[in-house]
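Generate coordinates for the sequence data below:
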Amino acid sequence: MTDASNDIVVVTGAGSGIGQATALEFATHGYTVVAVGRRSERLRETVVQSEPLAGRVIDVAGDVGNPEDVAKITQRACSEGRYAILVNNAGVGWQFGVDRPGSMAALRETSLDNWREVMRINLDSVYMMCHAALQHFASGASIVNVSSAGGVRGMNDAHTYATTKAGIINLTRSLAKTYGPEGIRANVVAPGFVATEMVSPVLDSPHNPFADERMRFQVNPLGRPGTAEEIATAIYFMAVQATYCNGSVLVADGGSLA
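Numbers count the residues shown, from 1 in each chain. From the prediction side, this is the model:
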């Protein structure tokens, strides 16, 4: 288990949703968190929310799909102390499909540009952040990569998204096998449907399955979407407390895949 008083945590996509909740979860436990995201103003909101907590949140704006920004983020983490925990949460989903039409489509309707951009943000970023962190990690360090229930099984649409999330799982398993002997753990948290800004196009639409009393328990045995805070606790558990988990995939989906 890591030492909150000395260890630095990097959380990507920390300006909203699961990433913001995760940064605050670590700060609650006394960690210094480097909160990363593309929107400076949203990261400042995370910093403000962390002020009453035991730890500290430092905002670093950057695009984790850009190698220069990855180097800047890694350098900042190392300058603050012992860089020991990496949470790769940044990614795009349903909202991106609204902002960039076709990016969450089935393969026939997916352009090469959309394929490459979702790959860059969702999967290339995980490679780059892990590659940079592993140059500094030592025994006791931990990686948690955030995938999705959509990476565990096929999807009717969003084929690029599903491919990136499946790739995250097998990359993490491979990291676990290779770097476990050095005392570096790598695990996955795979959320199901979580009520965040990323999925607001679904929740705010007439097709919201949780608004239908007959359908919501068919979609999910708990009958509701998860919260960002519920996923954050799962991420913290895998990063810090689950010291015998390595290469594990924790599906946090309310039982949808059961």
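
can you pull out the helices in this structure?
17-28, 40-50, 67-80, 94-99, 112-119, 125-133, 159-179, 200-203, 216-219, 228-236 (DSSP state H).

Deepest-packed of the ones you listed, please.
helix 17-28 (a mean of 27; mean count of other CB atoms under 10 Å). Where you see a C-beta, it was placed from the backbone N, CA and C, and this is true even at glycine.

which helices and strands sit right next to that helix?
strand 7-12, strand 32-37, helix 40-50, strand 56-61, strand 82-88, helix 228-236 (3 or more CB pairs under 8 Å, 6 or more residues apart in numbering; DSSP states H and E).

Run through who's touching it.
For helix 17-28, the external contacting residues (CB atoms under 8 Å, 6 or more residues apart in numbering) are 9, 11-14, 33, 35, 37, 42, 45-46, 49-50, 53-57, 85, 87, 89-90, 146, 191, 194, 196-198, 227-229, 231-233, 235-236, 239.

one more time with 7 Å
By CB atoms under 7 Å, 6 or more residues apart in numbering, the surrounding residues in contact with helix 17-28 are 9, 11-14, 33, 35, 37, 46, 49-50, 53-57, 87, 89-90, 146, 191, 194, 196-198, 228-229, 231-233, 235-236.

swap in stretch 48-60?
Applying CB under 7 Å, 6+ apart, the external contacts of stretch 48-60 come out as 4, 23-24, 26-36, 43-44, 46-47, 73, 76, 80.

What's the end-to-end length of that stretch?
With CA to CA, to the nearest Å applied, stretch 48-60 spans 14 Å between its terminal residues.

For it, give the mean pLDDT please.
Averaged across stretch 48-60, pLDDT comes to 98.

burial measure for residue 54, as a count.
Counted with other CB atoms under 10 Å, residues neighbouring residue 54 total 11.

ok so, going back, so which of the helices of the chain is nearest residue 106?
Each of the helices of the chain has some distance to residue 106 by CB to CB; the shortest is helix 159-179, at 5.6 Å.

pLDDT weak spots in the stretch 1-150 of the chain?
Scanning the stretch 1-150 of the chain for pLDDT under 70 picks out the ranges 1-2.

Contacts only, for residue 68.
Counting by CB under 7 Å, 6+ apart, residue 68 makes contact with nothing.

what separates it from residue 145, distance-wise?
22 Å (CB to CB, to the nearest Å).

Equivalent analysis for residue 14, please.
Distance from residue 14 to residue 145, by CB to CB: 15 Å.

Would you mind telling me which of these two has more residues around it?
Neighbour totals were compared for residue 14 and residue 145, and residue 14 leads with 30 against 27 (other CB under 10 Å).

re earlier: possible to save the helices of the chain as CSV with distance to residue 253?
As requested, the helices of the chain are exported to CSV (distance: least, CB to CB, whole Å):
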stretch, distance to residue 253
helix 17-28, 13
helix 40-50, 25
helix 67-80, 29
helix 94-99, 16
helix 112-119, 21
helix 125-133, 20
helix 159-179, 13
helix 200-203, 15
helix 216-219, 10
helix 228-236, 10
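
wait, what's in contact with residue 143?
Contacts of residue 143 by CB under 7 Å, 6+ apart are 86, 130, 133, 175, 186.

Now do the buried residues in stretch 242-258.
Within stretch 242-258, the residues scored as buried using 16 or more other CB atoms under 10 Å are 242, 245, 246, 247, 248, 249, 250, 251, 252, 253, 254, 256.
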